[in-house]
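Chemist: Sequence first, then the predicted structure:
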Amino acid sequence: MGEKRIKVDGGTGQLGFIFFMCYVGAAYYFIDQSSGAFLDVVWSLIKAIVWPAFLVFHSMTGLGV
C-alpha cells in the first residue's frame, strides 16, 4: 500500500492572535463603559464582536458612499 502524506497548515496563527487581542481590548472597553449588570455585560461582549462593522458603516456614511 502507498504511504499517505498529510500536510498540516497552521493557517493565520499570528493574525488570529492579533484579532483575538483586538477583541479582548474591545470587550474590556465596552464592559468598562457598561453599568455592570449581567445583560449589559452580555451586550458589551456582543458589541465587541461587531464593532468593526459599525466602524465601516459610519465611515462609508461619512464619505457619502
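Modeler: Received, thanks.

Chemist: Y28 - how many residues pack around it?
Modeler: Y28: 12 surrounding residues under other CB atoms under 10 Å. The way it works is simple: take the backbone N, C-alpha and C, and place the C-beta from them, glycine included.

Chemist: Kindly indicate whether K7 is helix, strand or coil.
Modeler: The local conformation at K7, judged by DSSP: H, G, I helix; E, B strand; the rest coil, is coil.

Chemist: All the helices of the chain, residue numbers only.
Modeler: Applying DSSP state H to the chain gives helices spanning 13-33, 38-63.

Chemist: want to throw the ones you listed into TSV with mean pLDDT?
Modeler: Converted to TSV, the helices of the chain look like this (pLDDT from 0 to 100):
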stretch	mean pLDDT
helix 13-33	91
helix 38-63	94
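
Chemist: Could you dump the ones you listed into JSON lines with distance to E3 added?
Modeler: Shown next, in JSON lines, are the helices of the chain (distance: least, CB to CB, whole Å):
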{"stretch": "helix 13-33", "distance to E3": "28"}
{"stretch": "helix 38-63", "distance to E3": "43"}
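
Chemist: Looking at these, spot the one closest to K4.
Modeler: Comparing those by their distance to K4 (CB to CB), the top pick is helix 13-33, with 25.1 Å.

Chemist: So for that closest one, what gets flagged as buried?
Modeler: By 16 or more other CB atoms under 10 Å, the buried positions in helix 13-33 come out as 26-27, 30-31.
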